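> test case, fold it:
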Amino acid sequence: MADGGRIVTAKPAGTRIVGIDPGLNITGYAVVERTSRGLSLIEAGMIRGRSRGDMPARLNEIHAGVCDVVNTFQPSAMALEELYSHYERPRTAILMGHARGVICLAAAQAKIPVVNYSATQVKRLLTGNGRAPKSQVQRAICHEFGLTTSPEPPDVADAMAIALCHLYLEREFSRAM
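This next block holds a predicted model:
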């Protein structure tokens, strides 16, 4: 289940999104909501894959943790970081694909849509630079949510950034209609 590192700040009602930064060891998540008063961070934390060396057990832990977050917070959509891997590490891409698969399964079981964003798209939207370092993304997250310290581990800040990206792009899409 979701554990440790949770940041809980509010319980408003509006457009609720869960942002996910997938990982086999640590999957960051953030539940963000847009209300008439602006954006609110509902909760952010991490899901740990604790079963070392046992891929099916680790994937089950990730799936159960994402299901827990989705069932608890009832988001209207899931924003998920796209798979990225260097060409010289195809095994990493395959393993990460497993994690993304069980995360997408959790969304499908809850009947919520999944929208994928590349890391460069998220960084460009939040910082103006698609190649921004993690520290710059963390500063942007702190600024957006009024946090005094950066969320730890960085996977949590990444999940917050992914959720924000979705809400900002969704707002722009709504205005264009």
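> quick one: average pLDDT of the host helix or strand of residue 65?
In this structure, residue 65 is located in helix 55-73 according to DSSP states H and E. Average pLDDT, helix 55-73: 96.
> repeat that for stretch 147-166.
95.
> the helices in the chain, which residues?
Listed in chain order, the helices found in the chain under DSSP state H are 55-73, 90-109, 119-127, 134-145, 154-176.
> same for the last one, what does it pack against?
Here helix 154-176 touches strand 15-21, strand 26-35, strand 38-48, strand 77-81, strand 114-117, helix 119-127, helix 134-145, going by 3 or more CB pairs under 8 Å, 6 or more residues apart in numbering; DSSP states H and E. The C-beta positions use only the backbone N, C-alpha and C, and glycine is treated the same way.
> make TSV from these and add distance to residue 92 and mean neighbour count to it.
Formatted as TSV, the helices and strands packed on helix 154-176 follow (distance: least, CB to CB, whole Å; neighbours: other CB atoms under 10 Å):
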stretch	distance to residue 92	mean neighbour count
strand 15-21	15	26
strand 26-35	15	24
strand 38-48	19	21
strand 77-81	14	24
strand 114-117	18	17
helix 119-127	14	19
helix 134-145	18	17
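> for the ones you listed, give me CSV that also has distance to residue 153.
Shown next, in CSV, are the helices and strands packed on helix 154-176 (distance: least, CB to CB, whole Å):
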stretch, distance to residue 153
strand 15-21, 10
strand 26-35, 6
strand 38-48, 7
strand 77-81, 15
strand 114-117, 20
helix 119-127, 16
helix 134-145, 10
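> out of those, which is closest to residue 67?
Distance to residue 67, taken as CB to CB, is lowest for strand 38-48 among those, at 10.0 Å.
> so what strands line up beside the closest one?
strand 3-8 (antiparallel), strand 26-35 (antiparallel) (DSSP bridges).
> the bottom helix or strand of this structure by mean pLDDT?
Between all helices and strands in the chain, the lowest mean by mean pLDDT, DSSP states H and E belongs to strand 3-8, at a mean of 53.
> can you tell me which residues contact residue 144?
39, 126, 164 (CB atoms under 8 Å, 6 or more residues apart in numbering).
> for the first one, which residues are in contact?
The neighbours of residue 39, taking CB under 8 Å, 6+ apart as the test, are 32, 33, 144, 145, 164, 167.
> and the gap between the residue nearest the centre of the chain and residue 37?
Centroid-nearest residue in the chain: residue 20, 2.1 Å away (criterion: CA atoms, centre = their mean). Look at residue 20 and residue 37: by CB to CB, to the nearest Å, they are 25 Å apart.
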